[in-house]
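Chemist: fold the stuff below for me.
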Amino acid sequence: MTIIAAIVGIILLTILIVWLIDKFVPKKLKPVINLVLWGLIIFLGYITFMSVYKEIQFNQLKVERYKVVIDRLVDIRDSQLAYKEVKGEYAGSFDKLIDFVGNGQVPITQRRDTLVLDEERTRAFGGVETFKTITLIDTLSFYTVKDSIFKGSDRYKTMDEVGVGKPGAKFELKAGKLDDIPVFEASVDKAVVLDGQEKYLIDKEKQAISIAGVKGESVKIGSMEEVSTSGNWGKDLSNKE
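Modeler: Take a look at the predicted model:
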């Protein structure tokens, strides 16, 4: 907006100069000077139009790229949740996570309550049988993460790759604990996703706070600062949520 405002200001100033010339410059010089100035006005008008049009194109492109990145982050999140169900913690590296998705199995369990003899209370009551309820967890079968989340596709093998923007770019993955509760975060800088675009547009996008877009300087899911497995984007940007 600063660039556009500056260009509009220059156009208005140029129009003012044209008016002043019309009032005070000798008639012989007016046609040449007016032609040059009106040419400048048209040129600046074109630049203004292109500035607006570039921003429209940028907004269309960023949505397309964000959707690719977000779908990949959702895959990472779902894989991490399965990993935690089996391991009790989140994977701190893609090597561990990818290996788990390809080879690991997640149990399908069933919880049931049953009565058993409470030996301690039975002794306390002089041999009078006393029962207590306990919960048993039965393992019924197993499922593979690869088949459940990725439907047999091998795209999990490249889940660490951003897929758009800067060639060869990879997500950053962190895992740890917050007050003894497992947490993780997968992220990529917006500048990586929007690689090849105008720097001023990328810088502006990094300052975005709208809940409909992607908030902050990166596209991320999970958090190392709070217990969360959510992403920092609006619901319309994901095909999987």
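
Chemist: quick one: contacts for the nearest residue to residue 94 once chain neighbours are set aside?
Modeler: Leaving aside its sequence neighbours, residue 94 sits nearest to residue 160 (C-beta to C-beta, 6 or more residues apart in numbering; 3.9 Å). Where C-beta positions appear, they are placed from N, C-alpha and C, glycine not excepted. By C-beta atoms under 8 Å, 6 or more residues apart in numbering, the contact set of residue 160 is 94, 98, 170-171, 173.

Chemist: just name the closest of these to residue 60, please.
Modeler: residue 171 (23.7 Å; C-beta to C-beta).

Chemist: isn't the closest one right next to residue 187, touching?
Modeler: Yes - contact criterion C-beta atoms under 8 Å: residue 171 and residue 187 qualify, at 6.6 Å.

Chemist: in the chain, spot the helix with the most residues.
Modeler: Longest helix of the chain, by residue count under DSSP state H: helix 30-87.

Chemist: which helices and strands sit right next to it?
Modeler: helix 2-24, helix 94-103, strand 105-117, helix 145-150, strand 181-189, helix 190-193, helix 199-206, strand 218-222 (3 or more C-beta pairs under 8 Å, 6 or more residues apart in numbering; DSSP states H and E).

Chemist: mind checking these for the one nearest to residue 73?
Modeler: Nearest of the helices and strands packed on helix 30-87 (C-beta to C-beta): strand 218-222, 4.3 Å.

Chemist: put the alpha carbons of that closest one into PDB.
Modeler: Only the C-alpha atoms of strand 218-222 are listed here, as PDB (Å, rounded to 0.1, in the frame of the first residue of the first chain):
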ATOM      1  CA  SER A 218       5.400 -19.500   9.400                       C
ATOM      2  CA  VAL A 219       2.900 -22.200   8.500                       C
ATOM      3  CA  LYS A 220       2.800 -24.700  11.500                       C
ATOM      4  CA  ILE A 221       0.900 -27.300  13.300                       C
ATOM      5  CA  GLY A 222       1.300 -28.200  17.000                       C
END
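
Chemist: relative to residue 24, how far out is residue 13?
Modeler: Applying C-beta to C-beta, to the nearest Å, the value for residue 13 to residue 24 is 16 Å.
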